[in-house]
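Novice: no FASTA, just this:
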């Protein structure tokens, strides 16, 4: 809505309440009397009382000034009542509009409008009414008092006061526009940072740091430009205050000899100084600061609250509520070109990573090359760094030394992020149809035949049929941990990313279902699979196995490692029916809210790759490859 329409509605609102405005003006007259006597009574007390040798008369005039203060305070109290009668209907009208829009349009910003923006509008409007009314009646009372004391005083004070008010009035509209521009730039930056902050790990996973930094920089620069423009016009606001409120003091002092020679008494000169310093200057200062800052803020808020379409420039949150699994935006990914012949699907060169400068490396000088179509199982004791490895490959963490490349593209980076998909232990499922969940990592609509084929390959088909087909609505809370994992696995299977990272993503599945899912990924055309294994069967199915043991690693087939890796023999030998354990999320990906990132191809910095960790289920068959150490370690 334009400023003109906002002002037009405001004038109609005030005209409809002219009786309240008259009552407000009537009570303000008492304050005018107080202002009049603030300078007039001390002047008479000096001229007719103390300087004339009649202290009783002087004290009497001072008593009159004191009584005027009491009467003025009574009027001020009634002024607040009248202001409330003017402001509360505005608040009621705004609340009605916000609630109606929220119900009619399902406006997610209605709560913010109801609880915050309406209160800003009410408080700011009340402040503007008070400062504007105060300046008008104070100026009338002070100028009347100056004229009553001696007309020459009015000639000295009135011209600079009028000039200062005129200068401020001339700068009010451009100043308000720049104030609004600054407020909008500040809100845009705050909203952008509010979106970026919770998604920092997603941004890292996507390799989108440069793009997000550039977007943030543009918003910072926009706010800086708006602040500089506002500051330049703010100088004129200060100048108007100096001309209208402080120059009269200088002129009164400089013209004092001339005024005294032309019949102005000493008391009248003191009274004039009291009018300027105690009435006009404070009233003008309140008007300049109140109308210059709060007025533009009120215009911004009213334009948003009274917008017909509910948009009106109000920032909308792109994140779902903390307790809601909502359908996120589709990625921008597209079918990826085939890598050049001979390019490894995954290449790690001298990769070293530690959690802190003084910490021992979790991974040290690791070299690894996986050709396209490989199937690698990563095993090792609990907390040895298996999940850390997948986080490094996904770009969620950066190595202290060494390089990582996915299909020839550096990690972190957008090209590498588009070519890998990370499926963590706790799978994310949002409220929506099953087809929407499964096709989430595809920008286009997945044909139903392809969707059904993927579900059959991964092992989701029985659940899909039980839920009622692809069009069935999904309630994440009604699904078991294993069912959520199957949905996440099928979603990853349907993505265009050739490299799949399964970080214990099948820990809630029975061995047969796990085998089916892993084989589906291993046989995916052009696909490469890396599995953080928690069962010996996963390692046996893999083409190659990576045994992690801090700075020492072993790499080879299952049979080769049985012959030359004592740690691998211990892990395999520790597989007994009683050794099954719950898997734990990796500490580097965890936080105090138990929320970790899930990286998909084409990742943008939003909330669509967040996994809310719940209690890990007990559905796990024997065959855990962990070393029997305490739970809660980093996998």
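Specialist: Happy to help now that I have it. Everything quoted here is computed from the prediction, not taken from an experiment.

Novice: in this structure, where is pLDDT below threshold?
Specialist: 1-10, 91, 94-95, 97-122, 198-199, 201-208, 292-341, 574-635 (pLDDT under 70).

Novice: quick check: longest helix of this protein.
Specialist: helix 55-105 (DSSP state H).

Novice: I'd like to know which elements that helix is packed against.
Specialist: helix 3-15, helix 18-44, helix 110-112, helix 118-149, helix 295-305 (3 or more CB pairs under 8 Å, 6 or more residues apart in numbering; DSSP states H and E). From N, CA and C alone the C-beta is placed, and that goes for glycine too.

Novice: how far away is residue 200 from residue 503?
Specialist: 19 Å (CB to CB, to the nearest Å).

Novice: more crowded one of the two?
Specialist: Between residue 200 and residue 503, counted using other CB atoms under 10 Å, residue 503 has the larger neighbour count: 28 against 14.

Novice: for this structure, which residue occupies the most central location?
Specialist: residue 194 (2.0 Å; CA atoms, centre = their mean).

Novice: tell me the angle the host helix or strand of it makes with helix 118-149.
Specialist: Assigned by DSSP states H and E, residue 194 belongs to helix 151-196. Inter-element angle recorded for helix 151-196 and helix 118-149: 170 degrees (by axes from the mean of the first three to the mean of the last three CA atoms, to 10 degrees).

Novice: which strands or helices does helix 151-196 pack on?
Specialist: In this structure, helix 151-196 makes packing contacts with helix 118-149, helix 209-241, helix 247-254, helix 256-261, helix 266-275, helix 281-289, helix 295-305, judged by 3+ CB pairs under 8 Å, 6+ apart.

Novice: now the fifth one: how far from the chain's centre is it?
Specialist: Put plainly, it is helix 266-275. 54 Å (CA atoms, centre = their mean, to the nearest Å).

Novice: what residues does that helix touch?
Specialist: 35, 38-40, 42-48, 51, 142, 145-146, 149-150, 153, 156-157, 249, 252, 256, 259-260 (CB atoms under 8 Å, 6 or more residues apart in numbering).

Novice: for ChimeraX, write the selection for the buried entries among those residues.
Specialist: A single ChimeraX command selects the buried members of those (16 or more other CB atoms under 10 Å):
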select :35,38,39,40,42,43,44,45,46,47,48,142,145,146,149,150,153,156,157,249,252,256,259
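
Novice: can you name the residues that contact residue 540?
Specialist: By CB under 8 Å, 6+ apart, residue 540 lies in contact with residue 558.

Novice: give me the phi and psi for it.
Specialist: Per-residue torsions, residue 540: phi -70, psi -30 (degrees, to the nearest 10).

Novice: roughly how far does it sit from residue 502?
Specialist: Residue 540 is 16 Å from residue 502, by CB to CB.

Novice: what's the answer for residue 562, then?
Specialist: As judged by CB to CB, residue 562 and residue 502 stand 23 Å apart.

Novice: which one of these two is surrounded by more residues?
Specialist: residue 502 (29 against 14).

Novice: before we move on, which element is that one in?
Specialist: Assigned by DSSP H and E, residue 502 belongs to strand 499-503.

Novice: okay, angle between the next helix or strand after that strand and strand 499-503 too, please.
Specialist: Later in the chain than strand 499-503, the nearest helix or strand by DSSP H and E is helix 511-522. Here the directions of helix 511-522 and strand 499-503 differ by 150 degrees (the same axes, to 10 degrees).

Novice: packing partners for helix 511-522?
Specialist: helix 448-458, helix 481-494, strand 499-503, strand 528-532, helix 536-541.

Novice: could you rerun that using 10 Å?
Specialist: Judged by 3 or more CB pairs under 10 Å, 6 or more residues apart in numbering; DSSP states H and E, the packing partners of helix 511-522 are strand 375-379, helix 448-458, helix 481-494, strand 499-503, strand 528-532, helix 536-541.

Novice: check the offset of it from the chain's centre.
Specialist: On the basis of CA atoms, centre = their mean, helix 511-522 sits 41 Å off its chain's mean C-alpha point.

Novice: between it and helix 448-458, how big is the angle?
Specialist: Going by the same axes, to 10 degrees, helix 511-522 makes 130 degrees with helix 448-458.

Novice: helix 511-522 vs strand 528-532, what angle?
Specialist: Here helix 511-522 points in a direction 140 degrees away from that of strand 528-532 (the same axes, to 10 degrees).

Novice: number of nearby residues for the residue nearest to residue 28 when sequence neighbours are not counted?
Specialist: Nearest residue to residue 28 in three dimensions, chain neighbours excluded: residue 137, at 4.5 Å (CB to CB, 6 or more residues apart in numbering). Applying other CB under 10 Å, we find 23 residues neighbouring residue 137.

Novice: rewinding a little: how close does the residue nearest to the centre of the chain get to residue 188?
Specialist: Counting by CB to CB, the gap from residue 194 to residue 188 is 11 Å.

Novice: contacts only, for residue 468.
Specialist: For residue 468, the contact set (CB atoms under 10 Å, 6 or more residues apart in numbering) comprises 433-434, 474.
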